[in-house]
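Engineer: task: produce atomic coordinates for the following.
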Amino acid sequence: MDGGGRVLFAVRGDRSEDFAAYGAPASAASAEGVVLPRPLRRVVRFIVSLCSGRIAIPAHAGKVSFVGFYSAIAVYGVVIGGHGPAVSHALTSFAGFAIEDVKVTGNEQTSEIDILQLLGLDGSTSLLGLDITAARQSLSDLPWVESAEVRKIYPSTVEVVLRERKAYGIWQHGTELSLIEKSGSVIAPLRDNKFASLPLFVGRDAETAASDVETEFAKFPEIASRVKAYVRVAGRRWDIHLDNGVVVKLPEDGVAGALERLSRLDADQQLLSRDIAAVDLRLSDRTTVQLTPEAQERRLVAVEERRKALKKAGQSI
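Structural biologist: I've put the predicted structure just below:
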């Protein structure tokens, strides 16, 4: 009994020491039966050891904690205030990744100034912070740009490769003049005279039908070279205005046949070089020629003189 009691006392004595190490009296633990969770025991043990001096605190722990605390506050303020991208650009630029050179190719009509403005380069922009996808989309939205490629060349160069749209003709709608592609898509308003040599298409739906009619005229280059404007009439057919003011009225269908007839008349009789106002080819079985007012007046004078001459000769008209 004494031996067993002594053993039991030793075990209880050990448990009392354990509870004392956690800062809790053994009697209280036995009376209340409080058992702390394992993670919390470690925390309590660390705090008790720290307060009792059994754990040594490094000499500069306070300074490091101070710097870390205020650094965390600064980072939090930057993020909350939305200044993260600016700070990131500044740091990476300071590290040697500031964009110093932009190489642009394929821009015949697009200004390099417009390209640089869309890229948002201000001399301190970081190559790491440049959003390639956003830059490509912004450049593709320019009027003349069909597609754009943007590449980063480390440490400080941006390469821009553009594919531009091709101007096919000038479309006049009302009082507005616009440059169009062969498909009829509008590129941009006409601002200068460097595209004056392009064919002019006038009227509603003229831009979408432009390539078809020009393809027909390409078979007759001697006539096509004299065309000043293609005028769309009621969205169905064309009136062609030549450089000498003559208007050629084409049919809705059978344009190739009408142009062949016109080419033959011009080759045989120099029709388009005469003093006429219009040639009507809308009917396949006849060609109607309208004289200019001056030519009509001369013709009337000639007819009257002939009538007088015949009358004088005693002949009837």
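Engineer: quick one: the helices in the stretch 151-300 of the chain, in order.
Structural biologist: Applying DSSP state H, counting those that start in this stretch to the stretch 151-300 of the chain gives helices spanning 206-217, 221-224, 255-269, 293-312.
Engineer: other SSEs contacting the last one?
Structural biologist: With contacts defined as 3 or more C-beta pairs under 8 Å, 6 or more residues apart in numbering; DSSP states H and E, the packing partners of helix 293-312 are strand 276-280. Yep, even glycine has a C-beta here, placed from its N, CA and C like the rest.
Engineer: and among the helices of the stretch 151-300 of the chain, the most buried is which?
Structural biologist: Highest mean neighbour count of the helices of the stretch 151-300 of the chain: helix 206-217, a mean of 18 (counted as mean count of other C-beta atoms under 10 Å).
Engineer: rounded mean pLDDT for it, please.
Structural biologist: Mean pLDDT, helix 206-217: 94.
Engineer: for it, the distance to its chain's centre please.
Structural biologist: Distance of helix 206-217 from the chain centroid (C-alpha atoms, centre = their mean, to the nearest Å) equals 27 Å.
Engineer: what does stretch 208-228 give?
Structural biologist: For stretch 208-228, the distance to the chain centre is 32 Å (C-alpha atoms, centre = their mean).
Engineer: pull the CA atoms of that stretch into CSV?
Structural biologist: C-alpha atoms of stretch 208-228 as CSV (Å, rounded to 0.1, in the frame of the first residue of the first chain):
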residue,chain,number,x,y,z
THR,A,208,-20.8,48.0,-101.5
ALA,A,209,-21.2,47.7,-105.2
ALA,A,210,-18.0,49.6,-106.1
SER,A,211,-15.7,46.7,-106.7
ASP,A,212,-18.2,44.9,-109.0
VAL,A,213,-18.6,47.8,-111.4
GLU,A,214,-14.9,48.5,-111.5
THR,A,215,-14.2,44.9,-112.3
GLU,A,216,-16.5,45.3,-115.4
PHE,A,217,-14.7,48.4,-116.5
ALA,A,218,-11.3,46.8,-116.1
LYS,A,219,-12.0,44.8,-119.3
PHE,A,220,-12.3,48.2,-121.2
PRO,A,221,-9.2,50.2,-120.0
GLU,A,222,-9.7,52.9,-122.7
ILE,A,223,-13.0,53.8,-121.2
ALA,A,224,-12.0,53.2,-117.5
SER,A,225,-9.1,55.6,-117.9
ARG,A,226,-11.6,58.4,-118.7
VAL,A,227,-14.1,57.7,-115.8
LYS,A,228,-14.3,60.6,-113.3
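Engineer: flag every buried residue along the strand or helix carrying L40.
Structural biologist: Element membership for L40 (DSSP states H and E) is helix 38-52. Using 16 or more other C-beta atoms under 10 Å as the burial criterion, the residues of helix 38-52 that qualify are V48.
Engineer: what is the mean pLDDT for that helix?
Structural biologist: 75.
Engineer: now do it: distance to the chain's middle.
Structural biologist: Relative to its chain's centre, helix 38-52 lies at 63 Å (C-alpha atoms, centre = their mean).
Engineer: just to revisit the earlier point, ok, of the helices of the stretch 151-300 of the chain, where does mean pLDDT dip lowest?
Structural biologist: helix 293-312 (a mean of 77).
Engineer: what does stretch 181-201 contact?
Structural biologist: Stretch 181-201 has contacts (C-beta atoms under 8 Å, 6 or more residues apart in numbering) with 143-144, 165-172, 176-180, 207-211, 214, 227-230, 232.
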